[in-house]
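Peer 1: Got a predicted structure here, sequence first:
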Amino acid sequence: MTGGWDVAEERGTAAELHGDRLPVPDRRLVRVASAAGPALVLGSAQVVAGLDHDLAESLGVEVVRRRSGGGAVLVWPGHQVWLDVGLPRSDPLWNDDVGRSAGWLGEAMAGALTGLGAAGVAAHTGPMEHTPWSHQVCFAGRAPGEVMTEGRKVVGTSQRRTREGAVFQVAVALVWAPALLLDLLRLPEEVGPPVLAAGVGLGELVPGVRAAAVVAAVLAALPD
């Protein structure tokens, strides 16, 4: 336990990690998830018109759907830190307002990255901001509680809410290289530049940063 948070580490396929192995908990919980291989993870309600299944199969990219919302994320070993943060509805951090419910987590994430040496990072406190491609690519838009620097997203967050509580699914980009993601979704070539400019890898902000250091910094920054 860290600061009142139970911490668990799990490794498995993306399908296993997004399956029934993480119900909404009855306590504060952080799961550090490690995908055994690459995966294209689609949002719960995302509509995909032209997914390139042949390309995914040739590269060994698993295609799965998560139970939280938003656009697609390409999970690639070493390219992101994946955290699932569970909060019961009875917790003092709980907020019934979906637009504000991840604010505390965004502040903690921004503080953690600042402590690692990332300059100018801050949690987005405004309303959801959509772009023409944010319904397809998670990092192409911004939601309350996500972490930005100079208009570029470095931490993406989605959530699954039930009557019992919520699970916030967090992706800290260590590397932001969306070309393969766009190819898998068969998005037009002109989408590349704006989507590339929408995100940034933490490794670009803090050269040499390690995933383990990110996890430790986040755990230390979570409110007691």
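Peer 2: Everything's here; your move.
Peer 1: what sits against the nearest residue to V137 once chain neighbours are set aside?
Peer 2: Distances taken as CB to CB, 6 or more residues apart in numbering place G71 nearest to V137, at 4.8 Å, with adjacent residues excluded. Backbone N, C-alpha and C define where each C-beta goes, glycine included. Contacts for G71 (CB atoms under 8 Å, 6 or more residues apart in numbering) come out as G43, Q46, W133, S134, H135, Q136, V137, C138, F139, A140, G141.
Peer 1: Average pLDDT for the biggest helix by length in the chain, rounded please.
Peer 2: In terms of residue count, the longest helix belonging to the chain (DSSP state H) is helix 103-115. In this model, helix 103-115 has a mean pLDDT of 98.
Peer 1: Please enumerate residues in contact with that helix?
Peer 2: Applying CB under 8 Å, 6+ apart, the external contacts of helix 103-115 come out as 85, 93, 95, 121-125, 144-147, 154-155, 157, 168, 170, 172, 202, 205-206, 214, 217-218, 220-223.
Peer 1: List the buried residues of that helix.
Peer 2: For helix 103-115, a neighbour-count test (16 or more other CB atoms under 10 Å) marks G103, W104, L105, G106, E107, A108, M109, A110, G111, A112, L113, T114 as buried.
Peer 1: Kindly reformat the residues you listed as TSV containing distance to A35.
Peer 2: Shown next, in TSV, are these (distance: CB to CB, whole Å):
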residue	distance to A35
G103	28
W104	26
L105	21
G106	23
E107	27
A108	23
M109	20
A110	25
G111	26
A112	21
L113	21
T114	27
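Peer 1: quick check, nearest of those residues to D20?
Peer 2: Distance to D20 across the buried residues of helix 103-115 (CB to CB) is lowest for L105, with 23.0 Å.
Peer 1: all strands in the protein, in order from the N-terminus.
Peer 2: Per DSSP state E, the chain carries strands over the ranges 6-12, 29-35, 39-42, 62-65, 73-75, 80-88, 121-123, 147-149, 152-161, 165-173.
Peer 1: and of the ones you listed, who's closest to A179?
Peer 2: Closest among those, using CB to CB: strand 73-75, at 9.8 Å.
Peer 1: The closest residue to V7 other than its chain neighbours and G165: what is the separation?
Peer 2: The shortest distance from V7 to any non-neighbouring residue, by CB to CB, 6+ apart, is to V30 (5.0 Å). The gap separating V30 from G165 is 14 Å, by CB to CB, to the nearest Å.
Peer 1: And for A171?
Peer 2: 20 Å.
Peer 1: More neighbours: these two, which one.
Peer 2: More crowded of A171 and G165, by other CB atoms under 10 Å: A171, with 25 against 21.
Peer 1: List the contacts of the more buried one.
Peer 2: A171 is in contact with V73, V75, Q80, V81, W82, C138, V155, G156, T157, counting by CB under 8 Å, 6+ apart.
Peer 1: These into a markdown table, with extra columns for distance to L184 and pLDDT?
Peer 2: Output for these, formatted as a markdown table (distance: CB to CB, whole Å; pLDDT from 0 to 100):
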| residue | distance to L184 | pLDDT |
| --- | --- | --- |
| V73 | 11 | 96 |
| V75 | 12 | 97 |
| Q80 | 16 | 97 |
| V81 | 21 | 98 |
| W82 | 18 | 97 |
| C138 | 13 | 95 |
| V155 | 22 | 98 |
| G156 | 17 | 97 |
| T157 | 22 | 95 |
